[in-house]
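Engineer: Kindly return the folded structure for what I paste below:
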Amino acid sequence: MKHEDRHDSDACSEYRELSRRGFLAKTGTVAAATMAAMAAPTLIPQPAMAGGEEEDAPRDVLIIVFLRGGSDSLNMVVPSGDPEYVKARPNLAVTGGNLSPLDTFFGLCKPLWALLPAYTAGHLLMVHATGSNDPTHSHFDAIKWMEYGIPTLHNPGIFTGYVARHLQTIQPLGGPIRAVSISSTLPKSLAGGPSTLPIKDLTQFDLPGRPSTRFDRRQLILEGYEGFPDPLGSSGLDTFTTIDMLKKINVGGYKPANNAVYPDTAFGRGLKSTAALIKADVGVEVIEVDRGGWDTHSNQGTLDGNMKVKLEEIAGSMAAFYQDMSTTHGNKYTMLVCTEFGRRVEENVSAGTDHGHASCWFFMGGNIKGGRVLATWPGLAKAQRYKGLDLEVTIDYRDLVSEIIQKRLGNPRLDVVFPSYTPVFHGITV
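Structural biologist: Numbers count the residues shown, from 1 in each chain. Got it, this is the predicted structure:
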């Protein structure tokens, strides 16, 4: 098994169980995609589509990168100006020549230095001390409520994702598929979304079986889907239309621009396929590419171990994507990099960090007001921590996502996207 795909033995049992839930991983077929569409819950009564001036403006493609497992943001975008940081992490703290100053308070850890060109150009923004107010410290709950877009104690009857509700309330761009998750299963953020599919590998999405009988089998399946009501009927037909579209695009033969070189990993190939899909201009509105393995309870290795490898992979892939898109499509996407929660302020006795609270999110694209770290810093002293343990959330993640959805995706229906919440914009995008 490849290093990038194996379960991390240093993670907690809950995260290892969560990782094993990719039960469709071996299929990657029409059946898997259609089953996912059938399983996706439908939205509460269909709201009216957004209209107005936003519809006439260009809309970015939203790219979501979810670092599943709870990434240690304190060792990624390091609050070197807070004296409590080194005190809390005498062995794990990133200091000195392993930091590149981002401003007078924060520094970027060395494994992420490939992101510095985007940051210097003003197209990469870090937002620290952000996240969800979910109090559970549970991977399952934190991911669920973050992707549904609601706190645990409110609107318990909603089982659609916040991205799905965005897609439900804005006119489609006209392509056969509106959102794709480059994965085996559909994330909860896309649950209930129209024309939405999980596709593990965009270069190999096809009807399985012998080529000599593929045409006949396809015709038989299509005839069956035509007789079914929605969502099964449209999901099946959309899946075959997507197969034809991807073959026409030839994602596997895509050549990056500007000498960009993507890491030869699942995540690197996912971002490379994302670039190909955006440049093909086929009406895709949302693409999600995830990277797991961030549950670093022991042997964290920010500078010399497992976390270093993942950080370099993420940074190298994002840097290649930024370089690839910069000439012709730099202003046509917005990428957000998120995680379900950060890690505890203090290191543990196993050279790792335990489940925390707030984290740091990254935003990249030509329309992002970057080149800075945005933070209302709460402090790392014990009296300033969440429950005396964790970095406090001072910026709700829904504020950030709401601003992207309204200003870059042209959808003002934030009352539906995030029910019972009034967002505050922080000026992260033009």
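
Engineer: give me the low-pLDDT residue ranges for the stretch 201-350 of the chain?
Structural biologist: Applying pLDDT under 70 to the stretch 201-350 of the chain flags residues 206-209, 214-238.

Engineer: Give me the distance between the two termini of stretch 318-336.
Structural biologist: The first and last residues of stretch 318-336 sit 11 Å apart, counting by Cα to Cα, to the nearest Å.

Engineer: which stretches of the stretch 51-200 of the chain form helices?
Structural biologist: 84-88, 116-120, 139-148, 162-168 (DSSP state H, counting those that start in this stretch).

Engineer: contact partners of the first one?
Structural biologist: In other words, helix 84-88. 74, 78-79, 93, 95, 345-347, 379-381 (Cβ atoms under 8 Å, 6 or more residues apart in numbering). The C-beta positions use only the backbone N, C-alpha and C, and glycine is treated the same way.

Engineer: If you count neighbours, what's buried in it?
Structural biologist: Buried positions in helix 84-88, judged by neighbour count with 16 or more other Cβ atoms under 10 Å: 84-85, 88.

Engineer: how far out from the middle of the chain is it?
Structural biologist: Distance of helix 84-88 from the chain centroid (Cα atoms, centre = their mean, to the nearest Å) equals 30 Å.

Engineer: Quick one: mean pLDDT for that helix?
Structural biologist: Per-region confidence: helix 84-88 scores 98 on mean pLDDT.

Engineer: What distance do you get for the residue nearest to T120 when sequence neighbours are not counted to Y322?
Structural biologist: Excluding the flanking residues, the one nearest T120 by Cβ to Cβ, 6 or more residues apart in numbering is G371, at 6.7 Å. Remark: distance between G371 and Y322 (Cβ to Cβ, to the nearest Å) = 13 Å.

Engineer: Looking at the two, which is more packed in?
Structural biologist: Each of G371 and Y322 has its neighbours counted (other Cβ atoms under 10 Å); Y322 has more, 25 against 15.

Engineer: Can you lay out the buried residues of helix 84-88 as a markdown table showing distance to R385?
Structural biologist: Output for these, formatted as a markdown table (distance: Cβ to Cβ, whole Å):
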| residue | distance to R385 |
| --- | --- |
| E84 | 9 |
| Y85 | 12 |
| A88 | 9 |
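
Engineer: on that earlier part again, looking at the helices of the stretch 51-200 of the chain, which one is packed in the most?
Structural biologist: Stretch with highest mean neighbour count among these: helix 162-168 (a mean of 27; mean count of other Cβ atoms under 10 Å).

Engineer: List just the nearest of the buried residues of helix 84-88 to A118.
Structural biologist: Closest approach between these and A118, by Cβ to Cβ: Y85, at 24.8 Å.

Engineer: so how far is V289 from F105?
Structural biologist: Plainly put, F105 is 30 Å away from V289 if you go by Cβ to Cβ.

Engineer: Comparing those two, which residue is more hemmed in?
Structural biologist: Neighbours were counted for F105 and for V289 using other Cβ under 10 Å; V289 has more, 25 against 15.

Engineer: So the more buried one is in contact with T274, correct?
Structural biologist: Yes - using Cβ atoms under 8 Å, V289 is in contact with T274, at 6.1 Å.

Engineer: who touches both of the two?
Structural biologist: Contacts common to V289 and T274, judged by Cβ under 8 Å, 6+ apart, are 63, 182.

Engineer: one step back: how close does the residue nearest to T120 sit to I428?
Structural biologist: 12 Å.

Engineer: Please enumerate the shared neighbours of those two.
Structural biologist: Common neighbours of G371 and I428 (Cβ under 8 Å, 6+ apart) are L125.

Engineer: Isn't H154 up against Y148?
Structural biologist: No - H154 lies out of contact with Y148 (Cβ under 8 Å); the separation is 10.4 Å.

Engineer: Distance of the residue nearest the centre of the chain relative to P79?
Structural biologist: Geometric centre of the chain, nearest residue: V65, 2.4 Å, by Cα atoms, centre = their mean. Computed as Cβ to Cβ, the V65 to P79 distance reads 22 Å.

Engineer: What helices and strands are in contact with the longest helix seen in the chain?
Structural biologist: Looking across the chain with DSSP state H, the single longest helix is helix 306-325. With contacts taken as 3 or more Cβ pairs under 8 Å, 6 or more residues apart in numbering; DSSP states H and E, helix 306-325 sits against helix 116-120, helix 266-280, strand 333-338, strand 359-364.

Engineer: Now for R89: which residues touch it?
Structural biologist: Contacts of R89 (Cβ under 8 Å, 6+ apart): 74-75, 345-347.

Engineer: Actually, K272.
Structural biologist: Counting by Cβ under 8 Å, 6+ apart, K272 has contacts 254, 256, 262, 320-321, 324.

Engineer: Over to P256?
Structural biologist: Counted by Cβ under 8 Å, 6+ apart, P256 has contacts 262, 272, 275, 320, 323-324.

Engineer: Look up how far W377 lies from the residue nearest to T120.
Structural biologist: 18 Å.

Engineer: can you check F105 too?
Structural biologist: When F105 is compared with W377 (using Cβ to Cβ), they lie 7 Å apart.

Engineer: And for A320?
Structural biologist: Separation of A320 from W377 (Cβ to Cβ): 31 Å.

Engineer: Could you do T242 as well?
Structural biologist: To W377, T242 is 45 Å away according to Cβ to Cβ.

Engineer: more neighbours, the two?
Structural biologist: T242 (23 against 17).

Engineer: Help me confirm that that one is found in a helix?
Structural biologist: Yes - under DSSP: H, G, I helix; E, B strand; the rest coil, T242 falls within a helix.

Engineer: What about the residue nearest to it when sequence neighbours are not counted, how many residues nearby?
Structural biologist: Distance criterion Cβ to Cβ, 6+ apart; nearest residue to T242, sequence neighbours excluded, is I177 at 4.8 Å. Look at I177: counted by other Cβ under 10 Å, it has 25 neighbours.

Engineer: With T422 instead?
Structural biologist: Neighbours of T422 (other Cβ under 10 Å): 10.

Engineer: same thing with R16?
Structural biologist: Per other Cβ under 10 Å, the neighbour tally for R16 reads 16.

Engineer: Put the alpha carbons of the helix or strand hosting it into CSV.
Structural biologist: With elements taken from DSSP states H and E, the one containing R16 is helix 13-19. In CSV, the C-alpha atoms belonging to helix 13-19 read as follows (Å, rounded to 0.1, in the frame of the first residue of the first chain):
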residue,chain,number,x,y,z
SER,A,13,-9.1,5.2,17.1
GLU,A,14,-12.0,7.5,16.1
TYR,A,15,-10.1,8.9,13.2
ARG,A,16,-8.9,5.5,12.0
GLU,A,17,-12.6,4.4,12.0
LEU,A,18,-13.5,7.5,10.1
SER,A,19,-10.9,6.8,7.5
